[in-house]
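1. Prediction below, plus the sequence it came from.
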Amino acid sequence: MQGRFHYYEGYPLSICAMPVRLMKLLGVSYLIASNAAGGLNPKYKVGDIMLQKDHFNIMGLAGLGPHIGPNDSRFGPRFFPMTNAYDESILNKVRQIVKDLKMENKVHEGVYTCVGGPNYETVADVRALISLGVDSVGMSTVHEVIAARQCGIRCFAFSLITNICSTEYGTTTEDHSCSTEVHSEEVLKVGKDMEDELRIFVEEIVEAISQDT
Ligand SMILES: O=P(O)(O)O[C@H]1O[C@H](CO)[C@@H](O)[C@H]1O
């Protein structure tokens, strides 16, 4: 996909996840999802990569999801497990790729969450998410992975840490900027700067997965 639909753009989560269901109809069996995300884990630095071991479905706990409403059985059963949402055998292949590409110093494994956005988080939000065991925060991916798992697509996802979420209140300067604020320009720049490295990383993953198929 080139880009994606986001909930904050006004689309219901079923539309945000629609491309995944289209992929299913086209015969896709593996999903590699990526996202730009804020780092919550204090070990993370800007430009690091977090392999998603799991996600915390905060919107789902509030009753939002791509699968709310009448169930269309072409896209899987009404009820389904999410215990092993992120495929361990793909993760193992990626762990090897990380070693081969000598990326260990910048790659972590952790838990992602999707918030509604489009505002970035308050300090209180950030502190709460950390206390809930979340390592990175964005505004996508979770509903895509839910739709994929419902229809049996195997999933791998990673976050590019584009900014560090602040756990402290900053001081606002005269021009009204604030040292601890995140701005989308920063997010886009880190994404752009990492483009070549991530392309190689994803190409390696596709290659490793395709050896299985
Ligand atoms: O998750 P992706 O689409 O990578 O984008 C992330 O970056 C944007 C905010 O900067 C939000 O859309 C958030 O979800």
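-> Cool, the structure landed.
2. alpha carbons only for contacts and neighbour counts from here, please
-> OK.
3. if I pick the nearest residue to Gly47 once chain neighbours are set aside, what's in contact with it?
-> The shortest distance from Gly47 to any non-neighbouring residue, by C-alpha to C-alpha, 6 or more residues apart in numbering, is to Ile161 (5.4 Å). Listed by C-alpha atoms under 8 Å, 6 or more residues apart in numbering, the contact partners of Ile161 are 36-39, 44-50, 136.
4. Ile161 should be in a helix, yeah?
-> No: under DSSP: H, G, I helix; E, B strand; the rest coil, Ile161 sits outside any helix and is assigned strand.
5. separation between it and the ligand?
-> 10 Å (C-alpha to the nearest ligand atom, to the nearest Å).
6. before we move on, the earlier item: so which of the contacts of Ile161 are in strands?
-> 36-39, 49-50, 136 (DSSP state E).
7. Check the contacts of Ile161 one by one and keep those near the ligand.
-> 36-37 (C-alpha under 6 Å from any ligand atom).
8. So for the lengthiest helix in the chain, mean pLDDT?
-> For the chain, the longest helix by residue count, based on DSSP state H, is helix 195-210. Per-residue pLDDT over helix 195-210 has a mean of 97.
9. picking up where we left off before, nearest to the ligand, out of the ones in strands among the contacts of Ile161: which one, please.
-> Ala36 (3.9 Å; C-alpha to the nearest ligand atom).
10. Name the residues linked to the closest one by a beta bridge.
-> Leu160 (DSSP bridges).
11. Am I right that it is in contact with Ala157?
-> No: in this structure, Ala36 is not within contact of Ala157 by C-alpha atoms under 8 Å, at 11.2 Å.
12. What is the end-to-end distance of stretch 43-53?
-> One end of stretch 43-53 sits 16 Å from the other (C-alpha to C-alpha, to the nearest Å).
13. same question but for stretch 69-77, I mixed them up
-> 13 Å.
14. List the contacts of it.
-> By C-alpha under 8 Å, 6+ apart, the list of residues contacting stretch 69-77 reads 21, 24, 78, 147, 150-152.
15. which ones among these are found in strands?
-> Per DSSP E, the subset of the contacts of stretch 69-77 in strands is empty.
16. residue ranges for the helices of this structure, please.
-> Counting by DSSP H, the helices of the chain are 13-16, 18-26, 58-61, 88-100, 123-131, 142-150, 184-193, 195-210.
17. Could you identify which of the ones you listed is most buried?
-> helix 142-150 (a mean of 25; mean count of other C-alpha atoms under 10 Å).
18. tell me what that one is packed against?
-> helix 13-16, helix 18-26, strand 154-164 (3 or more C-alpha pairs under 8 Å, 6 or more residues apart in numbering; DSSP states H and E).
19. Understood, closing this out.
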